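Undergrad: Sharing a model that was predicted from the sequence below.
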Amino acid sequence: MTLAAPDASPECPVWCAGHEDAQEPAPPRWHRSEGIVVSVTERRRAPLGGDAAPLFAEDFVVAIERDAQATYLYVGPLEDGRRFFAVTLDSAQRLHAAISAALEIAT
């Protein structure tokens, strides 16, 4: 895993969409891009092979975040800030390749 250099200044990256007022004005601060909203259908908490799993329609947000440790790809439901994943950009690139490969065999 490659970590980004810590944020050495209060300057925001060009993609940063702003901060909440409670955030400290000096480093280390976090940055977040505008989110891209994607409508998804998901299966929750039901293993394959059991009873038919209920499907849920949800709006997910895809965004870039940065803190003092790294820059991340953030993916999570628009209305539920507790259920998300954030992976480093190099991890996101590996996931992208694996998702693309899985979609190739699914079609």
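TA: Received the coordinates, thanks.

Undergrad: Tell me who's in contact with Leu89.
TA: Ala70, Thr71, Tyr72, Leu73 (CB atoms under 8 Å, 6 or more residues apart in numbering). For glycine as for every other residue, the C-beta is placed from the backbone atoms N, C-alpha and C.

Undergrad: One more pass at 7 Å, please.
TA: When the contact criterion is CB atoms under 7 Å, 6 or more residues apart in numbering, the partners of Leu89 are Thr71, Leu73.

Undergrad: Residue numbering should commence at 56 henceforth.
TA: Got it, first residue is 56 now, which makes that one Leu144.

Undergrad: which phi and psi does it have?
TA: The phi and psi values for Leu144, taken as degrees, to the nearest 10, are phi -60, psi -40.

Undergrad: What's the separation between it and Leu110?
TA: Separation of Leu144 from Leu110 (CB to CB, to the nearest Å) stands at 30 Å.

Undergrad: And Leu103, by the same measure?
TA: In this structure, Leu103 and Leu110 are separated by 13 Å, where distance is defined by CB to CB.

Undergrad: same question, Ala118
TA: With the distance defined as CB to CB, Ala118 ends up 25 Å from Leu110.

Undergrad: So if I had to pick from these two, which one is more boxed in?
TA: Taking other CB atoms under 10 Å, Ala118 and Leu110 do not tie; Ala118 has more neighbours (19 against 11).

Undergrad: now for the lengthiest strand in the chain, which elements pack on it?
TA: Longest strand of the chain, by residue count under DSSP state E: strand 110-121. Taking 3 or more CB pairs under 7 Å, 6 or more residues apart in numbering; DSSP states H and E as contact, the helices and strands that strand 110-121 lies on are strand 86-87, strand 91-98, strand 126-132.
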